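1. predicted model and sequence below, questions to follow.
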Amino acid sequence: MKGYLCLQDGTTFEGKASQHFDRNVQGEVVFFTGMTGYQEVLTDPSYKGQIVVFTYPLIGNYGVNNEDGESQEIQVSGVIMYQCAEIPSHFQARKSLGAFLNEQNIPYMTEVDTREVTKAIRAEGTQQAALSLETDYLFQPTKTHQIEQVSGEKIDTYGEEGMHVILIDFGWKKSILNALLERGVRVSVLPFSKIEMLDALQPDAIVLSNGPGDPKDTVDVLPLLKKALEKFPAFGICMGHQVIALAFGGDTTKLTFGHRGANHPVKDVVSGKVFLSSQNHNYVVKEDSLNGTPLVPRFYNVNDGSIEGLMHDTKLIMSAQFHPEAHPGPKDAEWLFDHFLTLVKNKGVKTHVS
Ligand SMILES: NC(=O)CC[C@H](N)C(=O)O
């Protein structure tokens with residue numbers, strides 16, 4: 001059966017439609033350039049509602065396992081691939097990628113020239129798109145506030161002992177929790193809508209999670225968050241990084257097309273070193289908006305010069321636009337968790353010195 005990826009600018013791409021294609025899904029179309037990591041991408045709540053194009057031509061060859069999910073379910077609305085391996089081969093594989101998508105009712109399309117789609121997105125920018133059996137899909141007004149769709153309702157605590165870290169949930173990835181637990185801390189996940197409970201929980205530090213959509217959707221909680229940032233050491237990751245910038249009066253903007261992949265080079269201006277990072281974001285902090293705030297850029301993207309992380313000039317507050325927890329992608333930046341937790345333990349007040 002033929003299916004279509006219809007971009008809002010009128011471009012259409014034909015391909016082979018999967019079992020559940022009749023649902024006509026609409027979402028923001030984005031491309032991911034990593035060769036592996038499809039299970040993590042599909043289950044990462046930051047991708048909520050998006051249609052993901054995998055640029056690597058063969059996806060699914062090691063199947064889907066019980067270990068690599070970043071959340072309980074698939075978060076994307078649709079998937080575009082060139083080839084989706086029908087018979088996976090890996091000792092941990094439990095099912096094929098196609099079966100995983102079908103059982104959760106997620107439409108996907110194969111036999112698409114994903115390079116061509118990617119070129120169209122790069123030229124025209126990230127936009128709404130639809131998976132449809134017809135070429136004349138009628139676009140619907142878009143929903144906002146994806147964070148509300150993925151952030152939990154209750155406070156859950158993990159780990160038995162050690163410093164108490166609150167992970168503020170904008171749509172957290174399991175790998176961030178694991179990176180913290182592996183370092184011997186106790187973690188409570190706090191829904192972003194319950195930030196007023198932070199004081200009562202008396203954490204040693206807070207970590208602000210990743211999350212989907214526009215960071216400005218958090219505008220209502222920014223005043224409370226700013227108060228918390230003035231009290232507790234904080235580390236923001238991706239959405240968390242953007243939200244820290246907004247809380248201190250900085251601004252964010254949307255990139256023409258985002259950074260999604262496993263090999264984005266980032267430069268640390270403190271050490272002068274460049275490392276590769278896992279990334280997934282549309283928005284960036286605007287550098288000139290930081291004038292007059294206490295925040296200073298620490299990391300830059302080597303490809304486009306955009307800001308990849310911040311530090312506060314006096315307090316123990318730091319942030320990364322990339323994913324130090326990796327999954328998928330290189331673990332080159334995992335040291336940031338050690339760095340942060342060591343500073344918290346030693347009551348470090350400055351983040352300038354690594
Ligand atoms: N992974 C994330 O936290 C992404 C943050 C935000 N949704 C963006 O697109 O920039």
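-> In hand now; what should we look at?

2. average pLDDT across the one helix or strand Gln128 maps to?
-> Here Gln128, judged by DSSP states H and E, is contained in strand 127-132. Average pLDDT, strand 127-132: 97.

3. stretch 314-333 now?
-> Over the span of stretch 314-333, the pLDDT mean works out to 96.

4. can you give me the end-to-end distance of it?
-> End-to-end distance of stretch 314-333: 23 Å, with Cα to Cα, to the nearest Å as the criterion.

5. again with stretch 311-320
-> Per Cα to Cα, the first residue of stretch 311-320 is 9 Å away from its last.

6. please see if it touches the ligand.
-> No - Stretch 311-320 does not reach the ligand (Cβ under 6 Å from any ligand atom); its nearest approach is 10.3 Å. Every C-beta, even on glycine, is put in place using the N, C-alpha and C of the backbone.

7. mind listing what's buried in the following helix or strand past the strand holding Gln128?
-> For strand 127-132, the following helix or strand on the C-terminal side (DSSP H and E) is helix 146-150. Neighbour counts using 16 or more other Cβ atoms under 10 Å place Gln146, Ile147, Glu148, Val150 of helix 146-150 among the buried residues.

8. Leu336: what's it in contact with?
-> Phe235, Met318, Ala320, Pro324 (Cβ atoms under 8 Å, 6 or more residues apart in numbering).

9. the ligand versus the residue lying closest to Gln72 once chain neighbours are set aside, what's the distance?
-> Leaving aside its sequence neighbours, Gln72 sits nearest to Thr43 (Cβ to Cβ, 6 or more residues apart in numbering; 7.8 Å). According to Cβ to the nearest ligand atom, to the nearest Å, Thr43 and the ligand sit 13 Å apart.

10. swap in Val269?
-> Taking Cβ to the nearest ligand atom, one finds Val269 at 21 Å from the ligand.

11. for that residue, what are phi and psi?
-> phi -70, psi -20 (degrees, to the nearest 10).

12. surely it and Arg298 touch.
-> Yes - assessed by Cβ atoms under 8 Å, Val269 is found in contact with Arg298 at 6.0 Å.

13. check which helices and strands the helix or strand encompassing Phe299 is in contact with.
-> According to DSSP H and E, Phe299 maps onto strand 295-301. Counting contacts by 3 or more Cβ pairs under 8 Å, 6 or more residues apart in numbering; DSSP states H and E, strand 295-301 packs against strand 252-268, strand 307-312, strand 317-320.

14. now mean neighbour count too, for these, in JSON lines please.
-> Output for the helices and strands packed on strand 295-301, formatted as JSON lines (neighbours: other Cβ atoms under 10 Å):
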{"stretch": "strand 252-268", "mean neighbour count": "18"}
{"stretch": "strand 307-312", "mean neighbour count": "25"}
{"stretch": "strand 317-320", "mean neighbour count": "26"}
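
15. just put these in CSV and tack on distance to Val284.
-> Compiled in CSV, these are given as follows (distance: least, Cβ to Cβ, whole Å):
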stretch, distance to Val284
strand 252-268, 6
strand 307-312, 6
strand 317-320, 12
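
16. is Arg115 in a helix, a strand, or coil?
-> Each residue gets one of three states, and Arg115 gets helix by DSSP: H, G, I helix; E, B strand; the rest coil.

17. what sits against the residue nearest to it when sequence neighbours are not counted?
-> Of all residues not flanking Arg115 in the chain, Thr55 sits nearest, at 6.6 Å (Cβ to Cβ, 6+ apart). By Cβ under 8 Å, 6+ apart, the contact list for Thr55 reads Phe31, Phe32, Thr33, Thr114, Arg115, Thr118.

18. which two from those end up farthest apart in space?
-> Phe32 and Arg115 (13.2 Å; Cβ to Cβ).

19. more neighbours, these two?
-> Neighbours were counted for Phe32 and for Arg115 using other Cβ atoms under 10 Å; Phe32 has more, 28 against 13.

20. and the closest residue to Gln242 other than its chain neighbours, how close does it get to the ligand?
-> In space, and not counting its chain neighbours, Gln242 is closest to Pro215: 3.7 Å by Cβ to Cβ, 6+ apart. According to Cβ to the nearest ligand atom, Pro215 stands 6 Å off from the ligand.
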